[in-house]
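Participant: Give me a model of this one.
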Amino acid sequence: MEKQQDFWKNVSRYPGFLITISLGIFFALFERIKPLLQNPVTLIALIGLLLGTIAFIFFTLQAMLGLTSV
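Facilitator: Model (predicted):
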C-alpha cells in the first residue's frame, strides 16, 4: 500500500512541474521579444502575427471538428 501512496504523491507533483516549465519558457521568450516591443513597427507586426496565429488555430480546429459547413 505504501508504494501506491508514493506513486500518487509523485504524480501530484507533475502539475507544479508543468506550471514551472511553462512559466520559464514564457519568461525566456518574453525577454527575447521585449526589445522588439520598443519599435512601433515591430510591435504592430508581432500583434498581427499573434492574432493571425490565433485565427489560424481557431479556423483549423473549427474545420477539423466539423463545426462549420465547408
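Participant: Tell me where the model's unsure across this protein.
Facilitator: For the chain, the stretches with pLDDT under 70 are 1, 69-70.
Participant: mind checking how far residue 10 is from residue 2?
Facilitator: Going from residue 10 to residue 2 by Cβ to Cβ, to the nearest Å gives 13 Å. For glycine as for every other residue, the C-beta is placed from the backbone atoms N, C-alpha and C.
Participant: Looking only at neighbour counts, state which of the two leads.
Facilitator: In this view residue 10 and residue 2 are compared by other Cβ atoms under 10 Å, and residue 10 has more residues nearby, 9 against 6.
Participant: which SSE is that one in?
Facilitator: helix 2-11 (DSSP states H and E).
Participant: Go through the helix or strand following that helix and flag the buried ones.
Facilitator: Remark: after helix 2-11, the chain's next helix or strand is helix 14-33, criterion DSSP H and E. The neighbour-count check on helix 14-33 (16 or more other Cβ atoms under 10 Å) flags nothing as buried.
Participant: The chain should start at 51 in everything you say after this.
Facilitator: Done: numbering now begins at 51, and the last item shifts to helix 64-83.
Participant: Would you mind pulling the contact partners of helix 64-83?
Facilitator: With Cβ atoms under 8 Å, 6 or more residues apart in numbering as the test, helix 64-83 has contacts from residue 96.
Participant: Give me the contacts around whichever helix or strand comes after it.
Facilitator: Following the chain from helix 64-83 toward its C-terminal end, the next helix or strand by DSSP H and E is helix 90-114. Helix 90-114 has contacts (Cβ under 8 Å, 6+ apart) with 83, 86, 87, 118, 120.
Participant: And for the third one, the neighbour number?
Facilitator: In other words, residue 87. Neighbours of residue 87 (other Cβ under 10 Å): 12.
Participant: How many residues are close by the closest residue to it other than its chain neighbours?
Facilitator: Excluding the flanking residues, the one nearest residue 87 by Cβ to Cβ, 6 or more residues apart in numbering is residue 93, at 5.3 Å. By other Cβ under 10 Å, 13 other residues sit near residue 93.
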